[in-house]
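In: sequence and predicted structure, then a few things I'm wondering about:
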Amino acid sequence: MISPKPGGWPYAFDGLATAVLDSRGTVLGWTETAADLTGLTAEDVCGRPVQELLADLPGDADTATEIPAFGQVRLRRRSGEIIPVTFRATRVAGSSDLVVVAAPTQNVSDQQQGVELLRAFSSQDRIAIALHDRDLVIVHSNNVSGVFGCPSVPPRARLCDVLMDGDAEETEAFLRQVLDTGAPLVRRDQPVRWQHDQARQRAMSLSAFRLEDKRGRPTGVVALYIDTTDQWRARRDLDLARKTAERVGGVPRCRAHGAGPGGCNGAGLRRLRRGRSRGGRIRR
């Protein structure tokens, strides 16, 4: 008896129309997704030649035995609409029957582009990308140990396995909001501490987008975690230097056209430089 494990991405198989053909090209089996794609039920097509369902055939093929292992054809729907589909045919072991799996060519192209985009993101050594299912379990990540100096994420981990509890809870709350509402989250900066290096505070920028199946049902969240520690430290050091300069009186308060309080025009900056070079003070 098979005991399926929870999780995974069932929508990866969503929309795949499947048919079983005998050696003469007669339809023996027809799935519900094939009915959704064509508008024809199993009762409509079983026992009929597959050629009657196609606007054309690959090459000069007249029987199922001549159908190539993969290709593209134009499928005729019940409504008369012609839809291009991409198919793959596999012979059943020990039989002359064929199992043919097909999907709209546009969907296949979209999926290929999505895979290429995911691969491009995954190759970045300063971007951690993770796919979370509806329970926010990490079902896939690029596992780049260089991102945040973090070791590879274990299979089916949660954020609490990677981040400190408070940071994990806060991040999951934002991911849950994206999952529930569908509204994307873009570049939310936050300081975090990691389980493997709890004494060291780092900074990350979080972006998240909801994943949906073809019917618009939420299936999970894709999250991008970008290491912004260097930028965060630079801003912190700059703020510290500015506050220190203000306390010791090293920053002049001057007004100029187009400058607000604390701003300086070119003349003000020149007076500042002259005052510093002479060791004198600047008149206000």
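Out: Arrived safely.
In: now do stretch 108-124: everything it contacts.
Out: With Cβ atoms under 8 Å, 6 or more residues apart in numbering as the test, stretch 108-124 has contacts from Thr86, Ile127, Ile129, Asn142, Val144, Leu224. Every residue, glycine included, has its C-beta placed from N, CA and C.
In: equivalent analysis for stretch 28-42, please.
Out: So stretch 28-42 is in contact with 14-22, 45-46, 53, 75-79, 83, 85, 97, 102-104, going by Cβ under 8 Å, 6+ apart.
In: same deal with stretch 154-163?
Out: So stretch 154-163 is contacted by 7, 136-139, 150, 153, 167-169, 171-172, 192-195 (Cβ under 8 Å, 6+ apart).
In: again, only this time at 6 Å
Out: Contacts of stretch 154-163 with the rest of the structure, by Cβ atoms under 6 Å, 6 or more residues apart in numbering, involve Val137, Ile138, Ala168, Thr171, Glu172, Val192.
In: can you give me the helices for the stretch 101-250 of the chain?
Out: Taking DSSP state H, counting those that start in this stretch as the test, the helices found in the stretch 101-250 of the chain are 105-122, 165-181, 229-248.
In: count the neighbours of Ile188 for me.
Out: Wrong residue type there; residue 188 is Arg, not Ile. 13 (other Cβ atoms under 10 Å).
In: the chain should start at 44 in everything you say after this.
Out: New numbering, starting at 44: the last item is Arg231.
In: residues in contact with it?
Out: Leu249.
In: let me know how buried Arg67 is, in neighbour terms.
Out: Arg67 has 12 nearby residues by other Cβ under 10 Å.
In: now Glu159
Out: Glu159 has 10 nearby residues by other Cβ under 10 Å.
In: now the one 4 residues further on
Out: Applying other Cβ under 10 Å, we find 11 residues neighbouring Ala163.
In: so how far does stretch 61-75 reach from one end to the other?
Out: In stretch 61-75, first residue to last residue: 9 Å (Cα to Cα, to the nearest Å).
In: gap between stretch 123-132 and the chain center?
Out: 28 Å (Cα atoms, centre = their mean, to the nearest Å).
In: so where's the stretch 194-327 of the chain uncertain?
Out: 194, 293-327 (pLDDT under 70).
In: could you pull out the strands for it?
Out: 228-237, 240-255, 261-270 (DSSP state E, counting those that start in this stretch).
In: re earlier: determine which two of the contacts of stretch 151-167 are furthest apart.
Out: Thr129 and Val187 (32.4 Å; Cβ to Cβ).
In: bridged to Pro92, which residues?
Out: Thr69 (DSSP bridges).
In: ok, it touching Gly68?
Out: Yes - taking contacts as Cβ atoms under 6 Å, Pro92 lies within contact range of Gly68: 5.2 Å.
In: before we move on, back to that, make CSV out of the strands of the stretch 194-327 of the chain and add distance to Gly114.
Out: Formatted as CSV, those follow (distance: least, Cβ to Cβ, whole Å):
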stretch, distance to Gly114
strand 228-237, 41
strand 240-255, 29
strand 261-270, 30
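In: picking that back up, of the contacts of stretch 151-167, the lowest pLDDT goes to which?
Out: Here the lowest pLDDT out of these sits on Val187, with 52.
In: roughly how far does Gln155 sit from Val291?
Out: 61 Å (Cβ to Cβ, to the nearest Å).
In: between the two, which has more neighbouring residues?
Out: Gln155 (10 against 7).
In: ok, back up a step: more neighbours: which of Pro92 and Gly68?
Out: Neighbour count, other Cβ under 10 Å: between Pro92 and Gly68, Gly68 has more, with 20 against 16.
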